[in-house]
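>>> Give me coordinates for this.
(4 chains, ligands or ions: 4)
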Protein chains: 4
Amino acid sequence: MAEAVKPEKKAGRRKVIITCAVTGSVHTPTMTPYLPITPDEIARESIAAAEAGASVIHLHARDPKDGRPTPNPDVFMQFLPRIKQNCDAVINITTGGSLGMSMDDRLAAPLRAKPELCSLNMGSMNFGIFHAGEKITEWKHDWEKPYVEKTYDNIVSNTFAQIERVIRELGHGCGTRFECECYDVGHLYTLAHFLDRKLLEPPLFVQTIFGVLGGIGPHPEDLAHMRRTADRLFGADYQWSILAAGRHQMGLATMGATMGANVRVGLEDSVYLGPGQLAKSNAEQVAKIRRILEELSLEIASPAEARAMLKLKGGDQVAF
Amino acid sequence: MAEAVKPEKKAGRRKVIITCAVTGSVHTPTMTPYLPITPDEIARESIAAAEAGASVIHLHARDPKDGRPTPNPDVFMQFLPRIKQNCDAVINITTGGSLGMSMDDRLAAPLRAKPELCSLNMGSMNFGIFHAGEKITEWKHDWEKPYVEKTYDNIVSNTFAQIERVIRELGHGCGTRFECECYDVGHLYTLAHFLDRKLLEPPLFVQTIFGVLGGIGPHPEDLAHMRRTADRLFGADYQWSILAAGRHQMGLATMGATMGANVRVGLEDSVYLGPGQLAKSNAEQVAKIRRILEELSLEIASPAEARAMLKLKGGDQVAF
Amino acid sequence: MAEAVKPEKKAGRRKVIITCAVTGSVHTPTMTPYLPITPDEIARESIAAAEAGASVIHLHARDPKDGRPTPNPDVFMQFLPRIKQNCDAVINITTGGSLGMSMDDRLAAPLRAKPELCSLNMGSMNFGIFHAGEKITEWKHDWEKPYVEKTYDNIVSNTFAQIERVIRELGHGCGTRFECECYDVGHLYTLAHFLDRKLLEPPLFVQTIFGVLGGIGPHPEDLAHMRRTADRLFGADYQWSILAAGRHQMGLATMGATMGANVRVGLEDSVYLGPGQLAKSNAEQVAKIRRILEELSLEIASPAEARAMLKLKGGDQVAF
Amino acid sequence: MAEAVKPEKKAGRRKVIITCAVTGSVHTPTMTPYLPITPDEIARESIAAAEAGASVIHLHARDPKDGRPTPNPDVFMQFLPRIKQNCDAVINITTGGSLGMSMDDRLAAPLRAKPELCSLNMGSMNFGIFHAGEKITEWKHDWEKPYVEKTYDNIVSNTFAQIERVIRELGHGCGTRFECECYDVGHLYTLAHFLDRKLLEPPLFVQTIFGVLGGIGPHPEDLAHMRRTADRLFGADYQWSILAAGRHQMGLATMGATMGANVRVGLEDSVYLGPGQLAKSNAEQVAKIRRILEELSLEIASPAEARAMLKLKGGDQVAF
Ligand SMILES: [Zn+2]
Ligand SMILES: [Zn+2]
Ligand SMILES: [Zn+2]
Ligand SMILES: [Zn+2]
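Ligands and ions are numbered 1, 2, ... in the order given. As a prediction, the model looks like this:
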């Protein structure tokens, strides 16, 4: 059938970056037995995710004893070199850390590792995961329940000044680029503010995030509005990526992929593979979204292609 | 990760109707060697599509000699009973016919067969497929080139009076329900007009169609706007389905499926399976979209489930 | 309060073109006693509208005997020179004519007058005004009731070939530019088709029309979608204008003006000034929208400014 | 012209609540000489705004010495009774306070005054007004420059727990209802969370706020998305209102009014009346938006009508 308009991008040519966020700081050990905790588990999950098709691995660290999120650079250093040695994926380290960490804490590991890519949350916000604990009666570790409940009265802090500090110290200081995490429309405007001031340079890597209580929801209209806003503010100067929380993960990532987005999966964002079915590994989620992308005639970006798309400094320019 | 809102529909519970439009009247034999032409080919393709997962088969007829669209009920009667005998899929007959057919022509086969479902285009429009012939230098049959070119100066005619006639004769007269084809936003308002006058009863089966020159385009924003308009006008009174022309077929069907839509594929709508790759059968397209739906944890509606969702009179109430 | 983004256009600088459509072919004499019918009335209403702030006057002609729409160039020639003599407004002549006119009819007056601007409907469509007669029991003239009712079974005809003919004969032949009337999203894509083929040159003057049964509705979401589609397809290459039917006239024109649109008012589009209150003249509607625009710190475009914005050939280059 | 759809609300019947926010805590004395500072000025501006058509007066207090925002209930008590005595407008007191105030500070005046209505910000956020000082070289007071600059590194704090506290103490404790301030889409979801938990009861009064750096921007698409999200989450259970920062104030309020919103103006939100033109009083802004509303055939809600629309306890149930 004839088509109304010429393609903006040739079908089948676009490469899609799959990011895998392997452990994060949102889920706790009680929520899924498959969450990687120790450096060894994190390394193995990361390498398997890369082998399954992820070209970017987003990483937090956890205390090997009890799975509590930790900013300790020494823990990061137990898995970063090992992942690097075993795969070519881009390594992306959180600057968000978790509840109660200071900016110095949050920057410690990134400043030591000087990775190609770090996440950077573009605003302060409520981040409510207190729901996650409501059905759990037996917790594996003492820290988990108060950790989750504390999000009812906690703010994720990313003031303009804090964002500027991360950009200057990590970006200008270490050549690191950013996965700019946008949990709501205002975060896109904040990102535009830093772009206008030339503190950030294109191409931007814009991770739009859906379904966290405190941020924008997981409705298709929300996704559509984030995309049209990013298109308006950044034009051709950005690579768009989608991350949806919990059971919305695969549906919204797929919806986004049909609209031109890159995708992020991983146990940080959802512990599920399907309704009521826990993912047994990060790689399972990567493999699933990869099958969908390939059915849609979209090709997976290799790590080298991801580096080119995001203009990264290269895997040989890091400090691990 | 915690989720911001409660699900509107429980994930994994919704059933998705796959409609397959096996031959149509848009494509011509030169465009693909896989287009079913003869009653035998149409029957075989329909049955295979049903076996692959289609619960609705949308049908036009073609002159077995040269593949030209025909309204001749005798030709329809050569494949309708055979399809019915070999599968349980709902049979859906066009009332649009093709270029140059009168309303009497267009209604002849449906009034004879009294099917459970017929397509019904909700407005008059330009329908430009003249592009489709631009790259073709050798045509198999003489009728094809002028047929395609004539769409530059032709109107697909569906006045309010013509729509009312179809509803009264086929709908009220034969118990047939409609796949209400909406090629633009105004068609949805026209459908609302007939619903308001109670000429049509819910549940409506609303086929939104993207990418025909003369109608709305294939941009994700177009899909989003058709959906929000249908939601506003019809609330819970409709089953939504997506059909996109040409290479947009799989992408938009998938996007729609993530948003709650049913889907339509088939060689009437696109001759491709992937970029530059002709589909070798209708069943190939059905199988592909089915794999995508299942990866998304969506279940395929059986013919019986489709009948229940659309409140059809039953496969035993037809005249073939 | 601080503002999140820099202005796209400096507030207060943009000039807004007010078009006034003084009589049209939709309303009939019974619907309002204020509809101008005779050449004298049409001329007086046009001049008064221009004095009130309209920089473009859109014109149809009517049979002075009974108010029936007429394509007769001689009738047009009874008011065109007089309007030209008495004001500087751009004169814009319909190419749509009305029910039952042939293309030759529709082009007769424009080809004779060679105006700076003509309307051009970008598609074939149902155009249902049959509702308008439902509450009327006594008609002034015999032709009115069947005229209105016939829209239930009539198609407004603007095939691709017909549109091309108008562009070639009037546009390329006479230097006339077009008020491209878009009644639905598909009309915008059709306009993009002619722009892509370079049959039309920017700046386009895109009149988006809301609330005619058969075309897109009058919901704010409809307006928003037409705008975003035009932005995407035409970028900076167009001047946007809004026309809404009936009681939606002022509300949508105002909404559009806050979003960057030019506006069209006039008795062709609505016979009202407010709820249940007939406008006593076209100028009343012009004055009302002008007051609103000025409260919004928007300036009215003079005829000279409108000519510059639309790149018109000049009021001295016409054949009247 | 015929209309495509039946009106959702009868034109001309809907009453529009004008809220006037007379002083706020965003602007400082140097920014405009017309900002009311002393209790006397605040009272006079409030009464004049009410006389001009505002049915709700939103109030902060300032230190009479230097205009610095103050939470001191004694200062509030110098103008609240006087306003109440002189007009019938609903009095609405901030719970946001300003930079550096504790929750106890922020609640002191509302808990003492027990007003019918209080503002309640539905999330924590960056709130960047540091731009506002960039062009100012001479400040009237020492506190102003650091106050504005500090917003670069400050978070407006409204955790889930803090919101719940305000709802319980003021709402359940004093019968106060809330102007729920939503600066971004996530704030609407947070509001839905409290509605779901039945901590809040409909009708909600949803103030959507555009153009603060840190929140959603002032683009018409932003306004459209906030409205469609509120419609989806709250259905008929809410009264929508619009507030836009700075020079977007009148345009977006007008756009919203054409879409069904109530409006908020006042010097808290913008110091302007038109481009480059300072408003000489709050009443000037109220009068301007009122003229626009009346041109659009919208009627102004009286204080009694506003009380009915918002289900307020009544002006005789307050503690001042
Ligand atoms: Zn993370
Ligand atoms: Zn068909
Ligand atoms: Zn006209
Ligand atoms: Zn305030």
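
>>> Kindly report the residues of the stretch 151-300 of chain A close to chain B.
A:211-221, A:224, A:227-228, A:245-248, A:250-252, A:254-255, A:258-259, A:268-270, A:274-276, A:288, A:291-292, A:295-297 (Cβ under 8 Å from any Cβ of the partner chain). Where C-beta positions appear, they are placed from N, C-alpha and C, glycine not excepted.

>>> How about the stretch 151-300 of chain A: which residue is closest to ligand 4?
Taking Cβ to the ion, ligand 4 has its nearest neighbour within the stretch 151-300 of chain A at A:Gly186, 18.0 Å off.

>>> Check the gap between that residue and chain C for me.
Using Cβ to the nearest Cβ, to the nearest Å, one obtains 8 Å as the distance from A:Gly186 to chain C.

>>> In three-state terms, label that residue for me.
With DSSP: H, G, I helix; E, B strand; the rest coil as the basis, A:Gly186 sits in helix.

>>> Now do the contacts for it.
Contacts for A:Gly186 (Cβ atoms under 8 Å, 6 or more residues apart in numbering or on different chains) come out as A:123, C:4, D:125-126, D:183-184, D:212-217.

>>> how far away is it from A:Lys84?
From A:Gly186 across to A:Lys84, the span is 36 Å (Cβ to Cβ, to the nearest Å).

>>> Over to A:Leu298: give its phi and psi.
For A:Leu298, the backbone dihedrals (degrees, to the nearest 10) come out as phi -100, psi 140.

>>> Check the gap between the residue nearest to it when sequence neighbours are not counted and ligand 2 for me.
Leaving aside its sequence neighbours, A:Leu298 sits nearest to A:Val16 (Cβ to Cβ, 6 or more residues apart in numbering or on different chains; 5.0 Å). Noted for A:Val16: a distance of 33 Å to ligand 2, by Cβ to the ion, to the nearest Å.

>>> ditto for A:Ala50
A:Ala50 is 46 Å from ligand 2, by Cβ to the ion.

>>> Show the pLDDT at that residue.
A:Ala50 carries a pLDDT value of 98.

>>> my read is it is in a helix, agree?
Yes: the assignment for A:Ala50 (three-state DSSP) places it in a helix.

>>> which non-adjacent residue is nearest the residue of the stretch 151-300 of chain A found nearest ligand 2?
Nearest residue of the stretch 151-300 of chain A to ligand 2 (Cβ to the ion) works out as A:Thr258 at 23.8 Å. Take A:Thr258 and drop its neighbours on the chain: the residue closest to it by Cβ to Cβ, 6+ apart is B:Met255, 4.0 Å away.

>>> For the one you found, which residues are in contact?
Neighbouring residues of B:Met255 by Cβ under 8 Å, 6+ apart: A:254-255, A:258-259, B:220, B:223, B:242.

>>> now swap in A:Leu111 and tell me
Counting by Cβ under 8 Å, 6+ apart, A:Leu111 touches A:169-170, A:173-174.

>>> Filter those down to the buried ones.
Buried by 16 or more other Cβ atoms under 10 Å in any protein chain shown: A:169-170, A:174, out of the contacts of A:Leu111.

>>> Save those as a markdown table, and put in secondary structure and pLDDT too.
Below are these laid out as a markdown table (DSSP: H, G, I helix; E, B strand; the rest coil; pLDDT from 0 to 100):
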| residue | secondary structure | pLDDT |
| --- | --- | --- |
| A:Glu169 | helix | 98 |
| A:Leu170 | helix | 98 |
| A:Cys174 | helix | 98 |
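
>>> Of those residues, which is the nearest to ligand 3?
The closest of those to ligand 3 turns out to be A:Leu170 (Cβ to the ion; 60.8 Å).

>>> gap between the residue of the stretch 151-300 of chain A closest to ligand 4 and D:Pro303?
33 Å.

>>> Inside helices: which ones of the residues of the stretch 151-300 of chain A next to chain B?
Those of those mapping onto helices are A:220-221, A:224, A:227-228, A:250-252, A:254-255, A:258, A:288, A:291-292, A:295, per DSSP state H.

>>> Now the two most distant members of these.
A:Arg228 and A:Arg291 (28.5 Å; Cβ to Cβ).

>>> Compare these two and say which is more crowded by neighbours.
More crowded of A:Arg228 and A:Arg291, by other Cβ atoms under 10 Å in any protein chain shown: A:Arg228, with 20 against 14.

>>> Just confirm the residue nearest to A:Leu298 contacts A:Ala257, I think it does.
Yes: at 6.2 Å, A:Val16 counts as touching A:Ala257 under the criterion of Cβ atoms under 8 Å.

>>> hey, what's in contact with both of these two?
A:263, A:293, A:298.

>>> ok, and the most crowded of those residues?
In terms of neighbours by other Cβ under 10 Å, the shared contacts of A:Val16 and A:Ala257 top out with A:Val263 at 28 neighbours.

>>> That one falls within a strand, correct?
Yes: according to three-state DSSP, A:Val263 belongs to a strand.

>>> show me the contacts for it.
Here A:Val263 is in contact with A:16-19, A:241-243, A:253-254, A:256-257, A:289, A:293 (Cβ under 8 Å, 6+ apart).

>>> And the residues you listed, which is closest to B:Glu116?
Using Cβ to Cβ, the contacts of A:Val263 come closest to B:Glu116 at A:Thr254, 31.5 Å.
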